[in-house]
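[1] Predicted model follows, preceded by the sequence.
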Amino acid sequence: MNNNKYVYKFAEGNANMRELLGGKGANLAEMKSLDLPVPEGFTITTEACMKYYYDGKKISKEIMDQIDEHVDWLEQTTGKKLGSTTDPLLVSVRSGARASMPGMMDTILNLGMNDDVVKAVESATNNKRFAYDSYRRFIQMFSDVVMGLPKSEFEKIIDEIKERKGVKLDIDLDASDMEELTARFKDLYKNALHEDFPQDAREQLHRSIMAVFRSWNNDRAIYYRKMNAIPNSWGTAVNVMEMVFGNMGMDCGTGVAFTRDPATGEKKLFGEFLLNAQGEDVVAGIRTPSPISDLEKLMPEAYHEFVRISSSLEKHYHDMQDMEFTIEHGKLYMLQTRNGKRTANAALKIAVDMVDEGLVSVDQALLMVEPKQLDDLLHPQFDQNDLKAKKGDIIAKGLAAAPGAGAGEIVFTAEEAEKAAEEGRKVVLIRLETSPEDIKGMAAAQAIVTVRGGMTSHAAVVARGMGACCVCGCGEIRVNEEEHCMSVNGVTYHEGDIISVDGTTGNIYHGTVKTVPATISGNFAKFMNWADERRRLHIRTNADTPEDAKRAVEFGAEGVGLVRTEHMFFKSAERIKAIRMLCVAENTEQRKVALDVLEPYQKEDFEGIFEALGGRSVTIRLLDPPLHEFLPKTDAEARDVAESLGIKVEDVEAAAADLKEFNPMMGHRGCRLDVTYPEIGVMQAGAIIKAAIAVKTRHPEWNVVPEIMIPLVGEPKELEYVARVVKDTAERVLAESDVKVSYKVGTMIEIPRAALLADKLAETAEFFSFGTNDLTQMTFGFSRDDAGKFLDAYYNKHIYDFDPFAHVDQSGVGQLIEMAVERGRKTRPDIHLGVCGEHGGDPSSIEFFNRVGLDYVSCSPYRVPIARLAAAQAEIRRKREEENR
Ligand code: PEP
Ligand code: MG
């Protein structure tokens, strides 16, 4: 390929050139190669877009020359000329990235119109209304898309004229109204921008192309890329196409159609059209379009041709197609085709049906469904129509931390959330950030919103585990806890006001948005079985309670990859008190008193999880967070703890002050707690083995093999020491029992030094679990809770493409993982390797974990189906790549 070729005629491309031509351009080229009726045109490549940025937001002479050559060619081919007053060429300009990206630039139609051309069009068509309608639309779109003038300013003028004439629809405006609109739109343009509306057609084109390139970096596009891990370096292509007109009379029209019903997946042509209209009228909802079947009576020839083309496109692409078409004086033109967006249930039905119809293989069917979409089946979602209608009610936007939808009265404390739920009221819990003691309030709320914290913050992790909806890091919100209110962009909301939270997009709405319940259709089981047959990675879950673990097993989890033991301490007042006693204890004796209180709770919890897992593997992590997280918050709590330990309140306060750290995430936590206070490890290991013995006694046929995991290790001797404590305890407990239970001791890889010394660690560790939350934090050297404050600047400046706490950073953190895998296996070839950071449920990270040969990923229960499908897709793709090599 000629590297300096930046522009391709449609006839020069094909569907495989998506990277260069973008999705739209590649599909137009493919349709052209299939001899379908596509208007002539050309695509300016994604490389040209990237060069535009490289050259300091300028289109280089080389590219500009190629564009102009292609305009010359288009003029010759069509026999028309841009700006001509005898045979004017009008074109559309549309963006088209490699991946479909809602939020980028829209379309510009009728480019080439000016004060002279409009007259030429009028006399050539003998249709003044059409000519001025086309011109005013062009002014409107160019002003909006290229110059950033708000659409609403133009709509106001249209409404004014309609009101004056007493009509409701655009179609009721006549030729002179259109002429008036054109003049007034030009005035609006001039007044706002202090220049005349550009009359030179080539200049119009150049400026529009530049606007498409610019749109690659508008806020919406950057946000969309960040959420979907799309690299900034892809760029967008620009498609320039000869206009065909659906608004030239009643033998013209335009429409969109899907080859199957995108809501249900039913196999029938599904679509709408409008007579005498142009592209955006169908989607704009100004007039009610007619069902596509009505076209059969009105224009049978065009209709039958469209039916034939749609079915051949579906067969050709092996997927449901979403098509745009225009009919000009009875002749059909195809303007676009792409794989259609569909609901989750439709996606499963289409995939399963297409396998049954012999249209796709099982592998292809598995690749057709977006793993993240499975969320929609497991969580309630907002009604799409109501969401659209309430677009104006968005009051803030944060990180889409846990999917789903929830609405209710605002409350600011976990206690208030609990109380309201008991009274049967629905609430949304707003917190600056959450801590483990908010857990019950979080469970009681319909949705959780935090002002601070990122994708691995406490709120995000816990909400995902519960299947609750959560938006994090919503920095626009100012919370005033004393006054029980919050303000967002100057508006104050009080406790009791209703808001709706969309955990799938991160949007927060004023008032109630309608929800639709989660529904799992009959195709789910069949489809997921196919995924299970294809995947190599095992899927485990992160679960802290028997209920979560059970749910995860129902969703297909094959084991538990992480029990965060500390999350269990907040289940009751007695437990909180016991862990507080441990924190403020002044010596080993006092600590043992506290640990004796805690042990039966821990044993009961672990038994519950072993029972829920029915003999599947369970990895339990020793206590991890810094102890200060559990400290008493009120005087009464401090007094209570002091009494239980038989010490003075002042001593409790002194102990609390002692536990304060400058940098707790890098302080006294993880295995460091067991090195300083081995009695903690003794209690936890004892409780684990005792629980395993109890369950094994009840179910001798189960293979209960607890995996005891030591967190935050950075030094082999440190691991050796804590592992010794664990093993000695386990052996002592086992020696006292007739029941034999085997167990494993392993470590988390969360600190870069652990990855570097993985060969040494593997001498002790029987398994590694990559704690990619901490590993990311420690490798980047920024806090997982605070990074949200500055990461936006990094995305906007293209320093980072996406949140490394949501999608694993393959080039940096990934190297450490690969190194630890290789070094760990060198020492211990059968070492069991997994990941339990939040990345374990993220499709793009799963692709990486599969490639580097991990044995399993572990994720929150509601992400288990996503991980099963993502793991299958990763393996199918890996095999394909291998075969193609
Ligand atoms: C991790 O660091 O990836 C991990 C799983 O541990 P936590 O999130 O509890 O720190
Ligand atoms: Mg960790």
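    Received the coordinates, thanks. Ligands and ions are numbered 1, 2, ... in the order given.

[2] Please enumerate residues in contact with stretch 657-664?
    Stretch 657-664 is contacted from outside by 583, 626-629, 631, 667-668, using C-beta atoms under 8 Å, 6 or more residues apart in numbering. Where you see a C-beta, it was placed from the backbone N, CA and C, and this is true even at glycine.

[3] For it, measure first residue to last.
    Distance between the two ends of stretch 657-664: 13 Å, counting by C-alpha to C-alpha, to the nearest Å.

[4] The contacts of stretch 657-664, buried ones only, as a ChimeraX selection?
    To isolate the buried members of the contacts of stretch 657-664 in ChimeraX, using 16 or more other C-beta atoms under 10 Å:
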select :583,626,627,628,629,631,668
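
[5] Show me where this protein dips below the pLDDT cut-off.
    Within the chain, the segments meeting pLDDT under 70 span 1-3, 102-105, 280-288.

[6] wait, which of the contacts of stretch 657-664 is closest to residue 352?
    residue 629 (46.8 Å; C-beta to C-beta).

[7] helix, strand or coil for that closest one?
    With DSSP: H, G, I helix; E, B strand; the rest coil as the basis, residue 629 sits in helix.

[8] circling back: pick the one among the contacts of stretch 657-664 closest to residue 182.
    Using C-beta to C-beta, the contacts of stretch 657-664 come closest to residue 182 at residue 629, 65.8 Å.

[9] phi, psi of the residue nearest to residue 647 when sequence neighbours are not counted?
    In space, and not counting its chain neighbours, residue 647 is closest to residue 586: 7.0 Å by C-beta to C-beta, 6 or more residues apart in numbering. The phi and psi values for residue 586, taken as degrees, to the nearest 10, are phi -100, psi -20.

[10] Quick check: the gap between residue 586 and residue 673.
    Residue 586 is 16 Å from residue 673, where distance means C-beta to C-beta, to the nearest Å.

[11] For those two, indicate the residue with more neighbours.
    residue 673 (22 against 14; other C-beta atoms under 10 Å).

[12] contacting residues for the residue in the stretch 201-350 of the chain that ligand 2 sits nearest to?
    Using C-beta to the ion, residue 229 is the residue of the stretch 201-350 of the chain that sits closest to ligand 2, at 22.0 Å. Contacts for residue 229 (C-beta under 8 Å, 6+ apart) come out as 801-802, 806-807, 844.

[13] For burial, what's the neighbour tally of the residue of the stretch 351-500 of the chain found nearest ligand 2?
    Nearest to ligand 2, among the residues of the stretch 351-500 of the chain, is residue 456, at 8.8 Å (C-beta to the ion). Neighbours of residue 456 under the rule other C-beta under 10 Å: 25.

[14] Run through the helices of the stretch 251-400 of the chain in chain order.
    Shown for the stretch 251-400 of the chain, the helices assigned by DSSP state H, counting those that start in this stretch span residues 280-284, 295-298, 300-317, 344-356, 362-368, 375-378, 384-389.

[15] what does the second one contact?
    Put plainly, it is helix 295-298. Counting by C-beta under 8 Å, 6+ apart, residues outside helix 295-298 touching it are 253, 255, 273, 275, 302-304, 306.

[16] same thing but 6 Å
    Contact with helix 295-298 is made by 273, 303, as judged by C-beta atoms under 6 Å, 6 or more residues apart in numbering.

[17] Straight-line length of stretch 243-258, end to end?
    Start-to-end, stretch 243-258 (C-alpha to C-alpha) is 22 Å.

[18] now it, how far from the centre of its chain.
    With C-alpha atoms, centre = their mean, to the nearest Å as the basis, stretch 243-258 stands 35 Å off its chain's centre.

[19] got the residues of this protein near ligand 2?
    750, 771, 774 (C-beta under 5 Å from the ion).

[20] Find the residue at the geometric middle of the protein.
    The structure's the chain has its C-alpha centroid closest to residue 227; by C-alpha atoms, centre = their mean the separation is 4.6 Å.

[21] gap between residue 697 and residue 738?
    9 Å.

[22] more crowded one of these two?
    Using other C-beta under 10 Å, the more surrounded residue of residue 697 and residue 738 is residue 697, with 13 against 7.

[23] I'd like to know how far the nearest residue to residue 186 once chain neighbours are set aside sits from residue 609.
    Closest residue to residue 186 apart from its sequence neighbours, by C-beta to C-beta, 6+ apart: residue 197 at 4.9 Å. Taking C-beta to C-beta as the measure, residue 197 falls 69 Å from residue 609.

[24] so the closest residue to residue 544 other than its chain neighbours, which of the three states?
    Excluding its sequence neighbours, the residue lying closest to residue 544 (C-beta to C-beta, 6+ apart) is residue 567, at 4.0 Å. Under three-state DSSP, residue 567 falls in the helix class.

[25] can you count the residues close to residue 567?
    21.

[26] wait, isn't it in contact with residue 543?
    No. Judged on C-beta atoms under 6 Å, residue 567 makes no contact with residue 543 at a distance of 9.6 Å.

[27] thinking again about what came up before, can you redo the helices of the stretch 251-400 of the chain as JSON lines with mean neighbour count and distance to residue 538?
    Output for the helices of the stretch 251-400 of the chain, formatted as JSON lines (neighbours: other C-beta atoms under 10 Å; distance: least, C-beta to C-beta, whole Å):
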{"stretch": "helix 280-284", "mean neighbour count": "16", "distance to residue 538": "44"}
{"stretch": "helix 295-298", "mean neighbour count": "16", "distance to residue 538": "51"}
{"stretch": "helix 300-317", "mean neighbour count": "17", "distance to residue 538": "33"}
{"stretch": "helix 344-356", "mean neighbour count": "22", "distance to residue 538": "23"}
{"stretch": "helix 362-368", "mean neighbour count": "20", "distance to residue 538": "17"}
{"stretch": "helix 375-378", "mean neighbour count": "20", "distance to residue 538": "20"}
{"stretch": "helix 384-389", "mean neighbour count": "13", "distance to residue 538": "35"}
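
[28] For ligand 1, which of those is the nearest?
    helix 375-378 (20.8 Å; C-beta to the nearest ligand atom).

[29] now that closest one, how far from the centre of its chain.
    Worked out by C-alpha atoms, centre = their mean, helix 375-378 lies 13 Å from the chain centre.

[30] Begin at 414 from now on, thanks
    All right, first residue 414 from here; so that's helix 788-791.

[31] Which stretches in the stretch 1014-1163 of the chain count as strands?
    For the stretch 1014-1163 of the chain, strands defined by DSSP state E, counting those that start in this stretch occupy the ranges 1030-1034, 1119-1123, 1157-1162.

[32] swap in the stretch 414-563 of the chain?
    Going by DSSP E, counting those that start in this stretch, the stretch 414-563 of the chain shows strands at 420-422, 454-457, 494-495, 501-502, 504-510, 521-524.

[33] Okay, the closest residue to ligand 1 within the stretch 414-563 of the chain and ligand 2: tell me how far apart.
    The minimum distance from the stretch 414-563 of the chain to ligand 1, using C-beta to the nearest ligand atom, falls at residue 512 (28.1 Å). Applying C-beta to the ion, to the nearest Å, the value for residue 512 to ligand 2 is 32 Å.

[34] What parts of this structure come near ligand 1?
    For the chain, the residues in contact with ligand 1 (C-beta under 6 Å from any ligand atom) are 975, 977, 1037, 1163, 1184-1187, 1249-1250.

[35] Help me confirm that residue 1252 is found in a helix?
    Yes. Residue 1252: assigned to a helix according to three-state DSSP.

[36] So it sits against residue 1220, correct?
    No. Assessed by C-beta under 6 Å, residue 1252 is found out of contact with residue 1220, at 7.1 Å.

[37] sorry, back to before: any idea how far the residue of the stretch 614-763 of the chain closest to ligand 2 is from residue 1258?
    9 Å.

[38] Single out the residue in the stretch 964-1113 of the chain that lies closest to ligand 2.
    Nearest residue of the stretch 964-1113 of the chain to ligand 2: residue 1037, at 6.2 Å (C-beta to the ion).

[39] and that residue, what does it touch?
    Taking C-beta under 6 Å, 6+ apart as the test, what residue 1037 contacts is 1083, 1124.
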